[in-house]
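K.L.:
Here's my sequence, what's the structure:
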Amino acid sequence: MESTPAITTSTAPIGSTTMDITALQTVFPTTTDSTDMDTSLTTLDSTEANGSITIDTTKTTLGSTVTSGSASMDTTTTAPDSEATIWAPYVVPCGNTTHMSAPNGSCVPKIEVQAITVDTLRRNDTNSSVIAENLSLYISSITNSNTTSNSSNTLTVNEIDTLISRINDTNITINTADSILVAQQPNQGDNIIVLGASFTRGVGGEVVNTANKENVTNSHLSTAAIISNQSLTGVISLNMLIIDKPTTYENIDNSTNKTLASSVIVMSIRRDSSASVPMNISLYFQVLNEYKPNLSADYFCSFYDTTNFTWNEFGCTKPQYSPTFDRYECNCNHTTSFALIWLPKVPLTRYLNAQDIASLVFQSISICCFLAIIIHAIVIRIRDSKMSLRTYDLPPLISCGTTMILFVFYIALAMTVYTKETYGDENQCFLSSSVLMFFVYFFLIFMLCTKTSVAYFDYLRFVYLFPPPPYQQLLTMLVVSFFVSITWVAFAAGFNSSSSFHITQLYPYKLCWFTRPAIYYFLTIPVGLFLIINIFIFIRVAQRMVSHARNATVHHGSFERRKQCVILLLFSCATQGIGWLFGPFLTIATPEAANVLGWFFIIFNGLEGLWVIILYAIIRLERIGEQIRILPAEEIRKSRTSKLTTSKDKKSFEEENEKEDRRITRDTEVRYQNRRKQTSRSFDDFRDIVMMDPDVDDHSETSFC
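P.N.:
Next up is the predicted model:
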C-alpha cells in the first residue's frame with residue numbers, strides 16, 4: 001500500500017475589505033471527485049475511531065479523492081487479496097453549535113460566518129440583496145452557537161432594525177430553518193396582496209397574503225405578523241424579519257424583570273407620498289419551550305424601545321390566549337421589533353371590606369343562635385320530657401335549619417376562595433371552590449323550597465280548615481323539595497361542565513359564583529318564583545287573620561302566639577328571598593346603589609338568626625302554656641280515678657270519658673260549621689272553638705306553628 005495523506009487549508013484574514021458572501025465560497029472550497037470501484041467480491045467493514053478506516057477486500061480497485069473542509073486526501077490503493085488500513089481526517093458535521101453550512105454547501109465555523117457577515121453588513125449597508133443574504137446568514141450563525149461573541153462581531157437590536165428598513169428591493173424572500181426575511185411589494189396582482197409573514201418551528205417560514213391568510217392563521221404556527229388591508233394603503237414595500245430563536249434579544253432589558261418568551265418580529269414599511277393611515281398589525285406568538293417560565297406569569301405584547309433600552313407595551317393590546325392553537329394573539333399600531341414578554345404574576349392583595357366582614361359575622365351569629373336553641377332543646381328534653389319539643393313543633397325549625405346549613409357552606413366557600421392565592425387574570429373557579437359553590441346553590445334552592453312548603457302547609461291549615469292537613473303531607477312536600485333542588489343543581493352543573501357556556505367564574509378573594517348572564521337564569525328566576533308563591537300565601541293567610549281579628553269574640557294567648565309564629569315564618573321566607581334576589585342587581589348597579597343593595601342583602605340574611613330565636617321562644621311559651629292547661633285536668637282525672645275501687649268501675653269511667661270526648665268534638669264541629677256560615681268565617685279553625693269551649697278536653701294537643 002502506498003498512500004500519503006495531504007491536508008490543504010485556505011484561509012483569508014477576517015476583516016478583509018473584500019469579504020462578502022462570495023468570500024465564503026472562496027475561503028471554504030469543497031470538491032468531491034468521482035469514485036470508481038471495480039469489485040468482484042468485496043467485504044466492507046468500516047469503523048470510525050480516531051479517524052481511521054479499515055477496509056477488508058478480496059479483490060478491490062479503489063480510486064478516490066476526498067476533500068472536506070480544509071482537509072484533502074488523495075489515495076489510490078490496489079491490493080488484491082490483501083488488507084489495507086487508510087488514515088482519513090475527522091469530518092466535522094454541520095448544523096451543530098460550532099459549524100454551519102455555507103451557501104455553497106461547505107461546512108464552516110459559525111464564528112467565522114458571524115464575523116464575515118457583520119463586517120459585510122457594516123461596510124455595505126445599501127445593497128438590498130447583500131443586506132438580506134448576510135443578515136439571514138448572521139441569524140443562522142448566532143442561533144444555538146456556543147462561541148464567544150463580542151461587540152465587534154455582534155449586531156445590536158438597533159442595527160438590525162436599521163438594516164431591515166434600508167432594504168428597498170421588493171422581490172426578496174429568504175427562508176431558512178432559523179428565520180424568514182421578506183421584502184415584498186404588497187400588491188402582487190391578480191387580487192393577491194402580501195400581508196405579512198409567518199414562521200413555524202421545524203418547518204420554516206411562509207409569506208402571508210390574501211389567498212392563504214385563513215390557512216396560515218388556522219394553523220399551529222410559532223410566530224406571525226399580518227397587516228390589515230386598510231393599513232397597506234400607500235405602502236410600496238413591506239419588509240419583515242422573523243427570528244425563530246432570537247439570541248440577540250434575550251438579555252437586552254436590564255432595567256426591568258421582563259423576559260423574552262417568543263420569537264421576534266422585526267417589521268418596517270415604506271410608503272409613497274400619500275398620507276399615512278393608521279396601522280393595525282395582528283401578531284401571533286407561541287411561547288417557546290426554551291423560554292417557557294416555570295411559574296405563573298403575565299404575558300405582554302411588547303416592542304423594544306431603543307431609546308430607553310426596555311420592552312414597552314405602548315400601542316399594543318393585551319394578548320389573548322387561544323387554547324385551540326396554544327398561542328397568544330394581540331394587535332399593535334406601529335412597526336418595530338415585537339415579541340411576547342412575560343413577567344412573574346403578582347398575587348392580588350387579600351382584602352375584605354366592611355360588607356364582607358359584616359356578612360360573615362351576621363351569618364356566624366345566626367348559626368350560633370340556631371346551635372344555642374338546639375342545645376337548649378336537648379337539655380330541656382333530658383331534664384323534663386314533658387316540656388320537650390313535639391313533632392308538630394319541628395316544621396318552622398326545619399325551615400330555619402336549612403338556612404343555617406346554607407350559611408355554613410357559604411362561609412366555607414368564602415373562606416376557601418379567600419385563602420387561595422389568586423392572580424389578576426384568574427377567572428376560572430378551582431375544583432374545591434366549584435364543589436362548594438354547587439353545595440351552596442343546592443341549599444339555597446332547598447331552603448326556598450322548604451320555606452315555601454311550610455308556608456303552603458300553614459295555608460292549608462289556616463285558610464282551608466277542614467280537614468286539617470296531615471303532617472305526612474308536609475313530609476311529602478319536603479321530599480319533593482329535595483328532588484327539585486337536586487334537579488335544578490344538576491342542570492346548572494351540566495351547563496357548567498362545558499366551558500363554552502361560561503356559567504361560573506371566580507371573583508378573587510370573594511366567591512366562586514355565577515357569571516352575570518347566567519345569574520338571571522339560575523338565581524333570579526327561581527328566587528322570584530318562590531317569592532311570588534310566598535307573597536300569595538302571605539296575602540291569603542293575612543286575610544284570614546284579619547277576618548278573625550275583626551269577628552272573634554274571645555281572645556286567647558295561644559291564638560296570639562300562633563299568629564306571631566306564622567307571621568315570623570312568612571317574614572323569614574320574604575327576607576331570605578328578597579336578600580338573595582338583590583344579588584343579581586349588585587353586578588349591574590352603580591357603585592353607590594350596589595353599596596346600598598349590598599347592605600340590604602347582608603341585613604336580610606342576618607335577620608335569620610333573630611327569627612330563629614323568636615320562633616323558638618314562641619314554641620317554648622306554647623309548651624309552657626300547654627302544661628299549665630294540662631296539669632289541673634290531669635290532677636282532677638287522677639283524683640276521680642283514684643276514688644274508683646274496682647277495675648270494672650275504672651273501665652266504665654274510661655269508656656264514658658271517651659264517649660264524652662267524641663260527643664264534644666262532634667257537637668263542636670257542627671256548631672262551628674253553623675257559626676262559620678252565620679259570621680262569614682269569623683274564626684280560624686277548629687282549635688279556636690276548642691280554646692273557647694270549656695267542655696273541650698284541655699289535654700288535646702294542638703300545633704300553633
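K.L.:
Just the element for I193, please.
P.N.:
Assigned by DSSP states H and E, I193 falls within strand 192-200.
K.L.:
other SSEs contacting that strand?
P.N.:
When contacts are defined as 3 or more Cβ pairs under 8 Å, 6 or more residues apart in numbering; DSSP states H and E, strand 192-200 sits against strand 179-184, strand 204-209, strand 223-227, strand 235-243. All C-beta spots, glycine's among them, are computed from the backbone N, C-alpha and C.
K.L.:
Tell me how far I411 lies from V417.
P.N.:
As judged by Cβ to Cβ, to the nearest Å, I411 and V417 stand 11 Å apart.
K.L.:
Likewise for P109?
P.N.:
To V417, P109 is 59 Å away according to Cβ to Cβ.
K.L.:
Give me the more crowded residue out of those two.
P.N.:
More neighbours surround V417 than the other of P109 and V417, with 23 against 17 (other Cβ atoms under 10 Å).
K.L.:
so that one is in which element?
P.N.:
Assigned by DSSP H and E, V417 belongs to helix 394-419.
K.L.:
Next, the buried residues of that helix.
P.N.:
Across helix 394-419, burial judged by 16 or more other Cβ atoms under 10 Å covers 394-397, 399-411, 413-414, 416-418.
K.L.:
what pLDDT, on average, does that helix get?
P.N.:
The pLDDT scores in helix 394-419 average 88.
K.L.:
in the helix or strand hosting F491, what counts as buried?
P.N.:
Per DSSP H and E: F491 is located in helix 471-496. Within helix 471-496, the residues scored as buried using 16+ other Cβ under 10 Å are 474, 477-478, 481, 485, 488-489, 492-493, 495-496.
K.L.:
Please render these as TSV that adds distance to I357 and pLDDT to the earlier fields.
P.N.:
Formatted as TSV, those follow (distance: Cβ to Cβ, whole Å; pLDDT from 0 to 100):
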residue	distance to I357	pLDDT
L474	38	84
M477	37	89
L478	34	89
S481	32	91
S485	30	92
W488	31	91
V489	29	93
A492	29	91
A493	31	91
F495	33	90
N496	29	90
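K.L.:
With distance to V346 added, can I get those in CSV?
P.N.:
Below are the buried residues of helix 471-496 laid out as CSV (distance: Cβ to Cβ, whole Å):
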residue, distance to V346
L474, 55
M477, 52
L478, 49
S481, 46
S485, 40
W488, 39
V489, 36
A492, 33
A493, 33
F495, 33
N496, 29
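K.L.:
Just give me the closest of those to I116.
P.N.:
Ranked by distance to I116 (Cβ to Cβ), those are led by N496 at 61.7 Å.
K.L.:
For the residue nearest to that closest one when sequence neighbours are not counted, give me the pLDDT.
P.N.:
Take N496 and drop its neighbours on the chain: the residue closest to it by Cβ to Cβ, 6 or more residues apart in numbering is I503, 4.1 Å away. Looking at I503, its pLDDT is 88.
K.L.:
re the thing from before, among the helices and strands packed on strand 192-200, which is nearest T575?
P.N.:
strand 223-227 (57.5 Å).
K.L.:
got a list of contacts for that closest one?
P.N.:
Outside strand 223-227, the residues that touch it by Cβ atoms under 8 Å, 6 or more residues apart in numbering are 195-199, 208, 213, 216-217, 238, 240, 242, 244, 262-263, 265, 267, 269, 279-286, 338.
K.L.:
which residue ranges form the strands in the stretch 301-450 of the chain?
P.N.:
Assigned by DSSP state E, counting those that start in this stretch, the strands in the stretch 301-450 of the chain fall at 310-312, 320-322, 327-332, 337-344.
K.L.:
Please name every helix or strand in contact with the third one.
P.N.:
Contacts defined by 3+ Cβ pairs under 8 Å, 6+ apart place strand 327-332 against strand 281-285, strand 297-305, strand 320-322.
K.L.:
would you list the ones you listed in CSV and tack on distance to Y456?
P.N.:
As requested, the helices and strands packed on strand 327-332 are arranged in CSV below (distance: least, Cβ to Cβ, whole Å):
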stretch, distance to Y456
strand 281-285, 60
strand 297-305, 54
strand 320-322, 50
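K.L.:
Just name the most buried of those strands.
P.N.:
Among those, judged by mean count of other Cβ atoms under 10 Å, the one packed with the most neighbours on average is strand 281-285 (a mean of 24).
K.L.:
Give the partner strands of it in its sheet and their orientations.
P.N.:
Strand pairing for strand 281-285, using DSSP bridges, gives strand 223-227 (antiparallel), strand 327-332 (antiparallel).
K.L.:
between the shortest one and strand 192-200, how big is the angle?
P.N.:
Between the direction of strand 223-227 and that of strand 192-200, the angle (axes from the mean of the first three to the mean of the last three Cα atoms, to 10 degrees) works out to 160 degrees.
K.L.:
any idea of the mean pLDDT for strand 223-227?
P.N.:
95.
K.L.:
Kindly calculate the angle that it makes with strand 337-344.
P.N.:
Put simply, strand 223-227 runs at 130 degrees to strand 337-344, going by the same axes, to 10 degrees.
K.L.:
ok so, going back, quick one: which of the helices and strands packed on strand 192-200 is nearest F314?
P.N.:
The closest of the helices and strands packed on strand 192-200 to F314 is strand 223-227. By Cβ to Cβ, the value is 17.4 Å.
K.L.:
export that closest one as PDB, just CAs?
P.N.:
What follows is strand 223-227, C-alpha atoms only, in PDB (Å, rounded to 0.1, in the frame of the first residue of the first chain):
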ATOM      1  CA  THR A 223     -45.000  33.400  15.100                       C
ATOM      2  CA  ALA A 224     -46.800  35.600  12.600                       C
ATOM      3  CA  ALA A 225     -47.400  39.200  11.800                       C
ATOM      4  CA  ILE A 226     -50.300  40.200   9.500                       C
ATOM      5  CA  ILE A 227     -51.200  43.800   8.500                       C
END
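K.L.:
Domains in the protein, by residue range?
P.N.:
Domain assignment for the chain, taken from automatic domain parsing, gives 1-109, 163-344, 362-482+512-629.
K.L.:
so where is the stretch 51-200 of the chain shaky, pLDDT-wise?
P.N.:
By pLDDT under 70, the low-scoring segments of the stretch 51-200 of the chain are 51-93, 95.
K.L.:
can you map out the helices along it?
P.N.:
Using DSSP state H, counting those that start in this stretch, the helices of the stretch 51-200 of the chain run over 110-123, 128-142, 157-166.
K.L.:
looking at this, P278 is in a helix?
P.N.:
No - under DSSP: H, G, I helix; E, B strand; the rest coil, P278 sits outside any helix and is assigned coil.
K.L.:
contacting residues around it?
P.N.:
Counting by Cβ under 8 Å, 6+ apart, P278 touches 231, 333.
K.L.:
Need the pLDDT of it.
P.N.:
Reported pLDDT for P278: 86.
K.L.:
which one of the helices and strands packed on strand 192-200 lies closest to I378?
P.N.:
Closest among the helices and strands packed on strand 192-200, using Cβ to Cβ: strand 223-227, at 70.6 Å.
K.L.:
The closest one vs strand 235-243, what angle?
P.N.:
Using the same axes, to 10 degrees: strand 223-227 against strand 235-243 is 170 degrees.
K.L.:
Give me the angle between strand 223-227 and strand 204-209.
P.N.:
For strand 223-227 against strand 204-209, the angle by the same axes, to 10 degrees is 10 degrees.
K.L.:
what bits of the stretch 551-700 of the chain have low per-residue confidence?
P.N.:
Residue ranges of the stretch 551-700 of the chain with pLDDT under 70: 551-570, 573, 583-591, 625-627, 629-700.
K.L.:
go again using 80 as the cut-off
P.N.:
Applying pLDDT under 80 to the stretch 551-700 of the chain picks out residues 551-598, 601, 605-606, 618-700.
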